[in-house]
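Colleague: sequence plus predicted model, see below.
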Amino acid sequence: MHVIGTSARPDLPLAVVVGAGALGMAMARRMAQNYRVLLADVDAERTEANAAMMRTEGCDAVAFACDVTDPDAVMALADEVGRRGGLGALVYVAGLSPSAAQFEAIMRVNLIGAARVCEVLLPHTAPGSAAVLISSLAAHAVVGSLPAYAATKGAIDTLVKHFSSALGRRGIRVNAIAPGVVATDMSSFTKTSEGRDYTLGLQSLKRIAQADDIGDAVAFLASSEARWITGDTIHVDGGSKL
């Protein structure tokens, strides 16, 4: 069985959050205020533990082991979504950290995985629902040497335009969030004085972003308050590289 946990609130719409790292968990917790959450990640043990933690916090959360580079695994995720009554919101945050030595792996997870998940899951999405993908400051500005990672994130900006155009007639919105530097394991350099100074030097707002800063923006785009926003990439980066 792929699924760990059962739903306690079947009356709530379902949100699928693909990616169970620090950013994914911040998004999942925020989405759980208005949704049942299915947390999907390639790391089954981590995903199960994180979903269990969310349940202790009063969230309705279940875990699903899914390798987004495996078409059969994504189809199994879609089957599970259908079994649970369809999709109210999709958030795709799965991604590999920037590394030029992993170009093909980064493409498979950050870009091809995102496209595959959208293509397979969005047909299960109810009219009026939303999908949010994760772009990056690196798609719009040179911040270090990140050509492979930046290329995948630039492609995400293009994907949301095409998916939003194709799905708009059903009232489904597709957008992206482009964070700047966020204090997660992927940006561990922010824990050093040099890294902190570099990051603050990029930004108009002089503090290091936390995962919740991004989670709140994702929840906004998924909500009815953003009902007239689609096909766009919203910069949530503290005014980086203005």
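Modeller: Structure's in. What do you need? Since the model is a prediction, treat every value here as computed from it, not as a measurement. Numbering: from 1, shown residues only.
Colleague: wasn't Ala40 part of a strand?
Modeller: Yes. With the criterion set as DSSP: H, G, I helix; E, B strand; the rest coil, the secondary structure at Ala40 is a strand.
Colleague: my guess is it contacts Leu14, does it?
Modeller: No. At 11.8 Å, Ala40 does not count as touching Leu14 under the criterion of CB atoms under 8 Å. Every residue, glycine included, has its C-beta placed from N, CA and C.
Colleague: and those two? which has more neighbours close in?
Modeller: Ala40 (30 against 26; other CB atoms under 10 Å).
Colleague: Three-state assignment for the residue lying closest to Lys161 once chain neighbours are set aside, please.
Modeller: Counting by CB to CB, 6 or more residues apart in numbering, the nearest residue to Lys161 once its immediate chain neighbours are dropped is Gly231, at 4.7 Å. Here Gly231 is coil, with the state taken from three-state DSSP.
Colleague: how close does Gly231 get to Leu167?
Modeller: For Gly231, the distance to Leu167 equals 10 Å [CB to CB, to the nearest Å].
Colleague: now for the two: what residues contact both?
Modeller: For the pair Gly231 and Leu167, residues contacting each of them under the criterion CB atoms under 8 Å, 6 or more residues apart in numbering are Val174.
Colleague: enumerate every residue touching Met25.
Modeller: If a contact means CB under 8 Å, 6+ apart, then Met25 has 50, 54, 211 as its contacts.
Colleague: list just the nearest of these to Leu202.
Modeller: Checking the contacts of Met25 against Leu202 with CB to CB, the nearest one is Ala211 at 18.1 Å.
Colleague: quick check: the gap between that closest one and Pro147.
Modeller: Shown here: Ala211 relative to Pro147, a distance of 25 Å by CB to CB.
Colleague: more neighbours: which of those two?
Modeller: Between Ala211 and Pro147, counted using other CB under 10 Å, the more crowded position is Ala211 (20 against 14).
Colleague: hmm, that one is touching Ala26, no?
Modeller: Yes. Between Ala211 and Ala26 there is a contact under CB under 8 Å: 3.6 Å.
Colleague: isn't Arg35 right up against Asp11?
Modeller: For the record, residue 35 is Tyr, not Arg. No. Contact status for Tyr35 versus Asp11: not in contact, 11.0 Å apart, counting by CB under 8 Å.
Colleague: low-confidence stretches in the protein?
Modeller: Along the chain, the model assigns pLDDT under 70 to residues 1-9, 99-101, 185-189.
Colleague: would you map the strands across it?
Modeller: Taking DSSP state E as the criterion, the chain contains strands spanning 3-4, 14-18, 36-41, 61-65, 87-92, 125-134, 173-179, 233-236.
Colleague: for the longest one, packing partners?
Modeller: It refers to strand 125-134. Using 3 or more CB pairs under 8 Å, 6 or more residues apart in numbering; DSSP states H and E as the contact criterion, the secondary-structure elements in contact with strand 125-134 are strand 87-92, helix 114-121, helix 147-167, strand 173-179, helix 211-222.
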